[in-house]
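Structure here, sequence nowhere to be found:
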């Protein structure tokens, strides 16, 4: 779930995880009615909030054992899960260190490990990588991918558009408390115009020839191709043309074939397709989250 600050992402997570009551509507989580069966919902889910819920005065091992006790696990089973999670989250070497000495990335890994003590079917992650350095963020991404591969459903809120693109199977964009669009990352990107192929030429005569040739071919052919080439933009300073395109191989080949038939060489080429940043800006009126 993407959305600008104040859109309602955290409130949504708090409602779905039974921390807040909904004003209206009906929700089922893991097949259970949120209003009538909150205990069953809690037994099926895990929650990692924006801020680590670890106890700084305990060790990593003690934090996990405390969670095992809260889940009413037998001592031996709680111990087994604790050791497994410490190893899985690469925290074995710091097992007996006070959490107050942990780095931000270590604290977030411990926080997620504590969520997994209860073996949840659904995990709510509310901006889990906020404040992490790039290495710690990518480590967290890998852990999330492994959880999904194991069959766990992840409900992730984030302000990191790259994170959403990397991890999400489906994305919902929330704005002012309402979902304005949802779909796969590819589906959302395809909704936004602005894709183009950028052609750079070695000199001004080549640029002029290419611009004239593409314009002439478009006007002669008509139909779909006339629409495709009706908005070519030219930059004499950088010796570039921007040709509207969805970036597929067929359109790229068509452009290069036309230029090749006129013996016009392209010096450099790049393809731009709308990304989630473009989607976010178009749908919420904000740049980035």
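Received it, and whenever you're ready, just let me know what you need. Quantities reported herein were computed from a predicted structural model and do not represent experimental measurements. Numbering: from 1, shown residues only.

any idea what residue 193 is structurally, helix, strand or coil?
coil (DSSP: H, G, I helix; E, B strand; the rest coil).

In space, what's closest to it - neighbours in sequence excluded?
Nearest residue to residue 193 in three dimensions, chain neighbours excluded: residue 274, at 7.4 Å (CB to CB, 6 or more residues apart in numbering). Just so you know, the C-beta spots here come from the backbone N, C-alpha and C atoms, and that holds for glycine as well.

Against residue 210, how distant is residue 269?
12 Å (CB to CB, to the nearest Å).

Now the common contact residues for those two.
residue 199 (CB atoms under 8 Å, 6 or more residues apart in numbering).

Surely the residue nearest to residue 193 and residue 187 touch.
No. If you go by CB atoms under 8 Å, residue 274 and residue 187 don't touch, sitting 11.6 Å apart.

So which of the two has more stuff around it?
Taking neighbours as other CB atoms under 10 Å, residue 274 and residue 187 compare with residue 274 leading, 20 against 13.

tell me which strands and helices the helix or strand containing residue 111 is in contact with?
Assessed by DSSP states H and E, residue 111 sits inside helix 104-116. Packing partners of helix 104-116 (3 or more CB pairs under 8 Å, 6 or more residues apart in numbering; DSSP states H and E): strand 45-48, helix 60-70, helix 75-88, strand 122-126, helix 134-149.

any idea how far the helix or strand residue 255 falls within is from the chain center?
If you go by DSSP H and E, residue 255 is part of helix 249-261. Taking CA atoms, centre = their mean, to the nearest Å, the mean C-alpha location of helix 249-261 is offset from the chain mean by 33 Å.

same question, stretch 86-96
The answer for stretch 86-96 is 27 Å, by CA atoms, centre = their mean.

Check which residues of stretch 158-177 are buried.
Using 16 or more other CB atoms under 10 Å as the test for burial, stretch 158-177 gives 158-161, 163-165, 167-168, 171-175.

Now render those residues as TSV, adding distance to residue 84, secondary structure and pLDDT.
Formatted as TSV, those follow (distance: CB to CB, whole Å; DSSP: H, G, I helix; E, B strand; the rest coil; pLDDT from 0 to 100):
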residue	distance to residue 84	secondary structure	pLDDT
158	27	strand	90
159	32	coil	84
160	29	coil	86
161	34	helix	87
163	26	helix	91
164	29	helix	92
165	31	helix	91
167	24	helix	94
168	27	coil	94
171	32	strand	95
172	33	strand	94
173	37	strand	92
174	35	strand	92
175	41	strand	90
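
biggest separation within those, which pair?
Spatially, the most separated pair among the buried residues of stretch 158-177 is 167 and 175, at 20.7 Å (CB to CB).

Any idea how far apart the tips of stretch 109-125 sit?
Length of stretch 109-125, first residue to last, CA to CA, to the nearest Å: 12 Å.

Report the mean per-residue pLDDT for it.
For stretch 109-125, mean pLDDT is 92.

Quick one: neighbours of residue 74, just the number.
9.

Show the contacting residues for residue 13.
If a contact means CB under 8 Å, 6+ apart, then residue 13 has 47, 49, 124, 126, 155, 157 as its contacts.

Next, the contact list for the fifth one, please.
Read that as residue 155. The contact partners of residue 155, by CB under 8 Å, 6+ apart, come to 1, 13, 16, 122-125.

So which of those is the closest to residue 202?
Distance to residue 202 across those (CB to CB) is lowest for residue 1, with 47.0 Å.

Thought residue 168 was touching that closest one, still the case?
No. In this structure, residue 1 is not within contact of residue 168 by CB under 8 Å, at 9.1 Å.

so what sits against both of those two?
residue 156.

Just give me the neighbour total for the residue lying closest to residue 17 once chain neighbours are set aside.
Sequence neighbours aside, residue 47 is the residue nearest to residue 17 in space, at 4.8 Å (criterion: CB to CB, 6+ apart). Residue 47: 21 surrounding residues under other CB under 10 Å.

who's residue 47 bridged to?
Under DSSP bridges, the beta-bridge partners of residue 47 are residue 124.

hang on, the earlier thing: residue 269 and residue 210: which is more packed in?
Higher neighbour count among residue 269 and residue 210: residue 210, with 24 against 12, using other CB under 10 Å.

so the more buried one sits right up against residue 241, yeah?
Yes. Using CB under 8 Å, residue 210 is in contact with residue 241, at 6.0 Å.
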